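Asker: Take this sequence and fold it.
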Amino acid sequence: MRSSNIKGRASISWASRQAAAMFLAGSLAVPAAMPQQQSQQRATQGSGSEPTRVPARPPDIISDNLDRVAASAEQILEVLNKEAGLMVEFKRILAQEAGVSGQILEESDLTDVSIAERLRSSLRARVLATRLLQRYGYLVPKVNP
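Answerer: Below is the predicted model:
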């Protein structure tokens, strides 16, 4: 009984070693083949009649540009002043952002007047407010019938 148990363990151990070796060999073979495929693709693109493509821009530029998209302070304040719940949610977001930056806010930093001033002076605040309002269905494009 004991010898069959040992043989069973040995075969499981051998099988798992073999599977691990196959996985390792496969994972090493895929990256080695990638440079060859890329160089072949470049060669066919250069020799063909296809126009040369402009290299893709880094995604950082795109995200940086998108971080500058915001509604005007007046458009944002128009909605926030009508919807008290959204104003409270925006204040919570600003408090959270301040905490991440290591700032401690005072009560005066979260008054409606302070929020309005901040929206007029800070692009980051307008971006955050725009995203919040769009999440709740405000400041979104509508289909023209």
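Asker: what does stretch 134-145 contact?
Answerer: For stretch 134-145, contacts defined as C-beta atoms under 8 Å, 6 or more residues apart in numbering pick out 71, 75-76, 79, 86, 130, 133. Where you see a C-beta, it was placed from the backbone N, CA and C, and this is true even at glycine.
Asker: can you give me the mean pLDDT across that stretch?
Answerer: Here stretch 134-145 scores 92 as its mean pLDDT.
Asker: Only the buried residues of that stretch, if you could.
Answerer: If you call a residue buried by 16 or more other C-beta atoms under 10 Å, then stretch 134-145 has these buried ones: 138-139.
Asker: Can I get that stretch in CSV, CA atoms only?
Answerer: Only the C-alpha atoms of stretch 134-145 are listed here, as CSV (Å, rounded to 0.1, in the frame of the first residue of the first chain):
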residue,chain,number,x,y,z
GLN,A,134,-21.8,64.1,-16.6
ARG,A,135,-22.0,61.0,-14.4
TYR,A,136,-25.4,62.1,-13.3
GLY,A,137,-26.7,63.0,-16.7
TYR,A,138,-25.9,66.7,-16.8
LEU,A,139,-23.8,68.5,-19.4
VAL,A,140,-24.0,65.6,-21.8
PRO,A,141,-24.7,65.9,-25.6
LYS,A,142,-28.3,65.4,-26.6
VAL,A,143,-29.5,64.0,-30.0
ASN,A,144,-31.0,66.6,-32.2
PRO,A,145,-34.2,65.1,-33.8
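Asker: All set, thanks.
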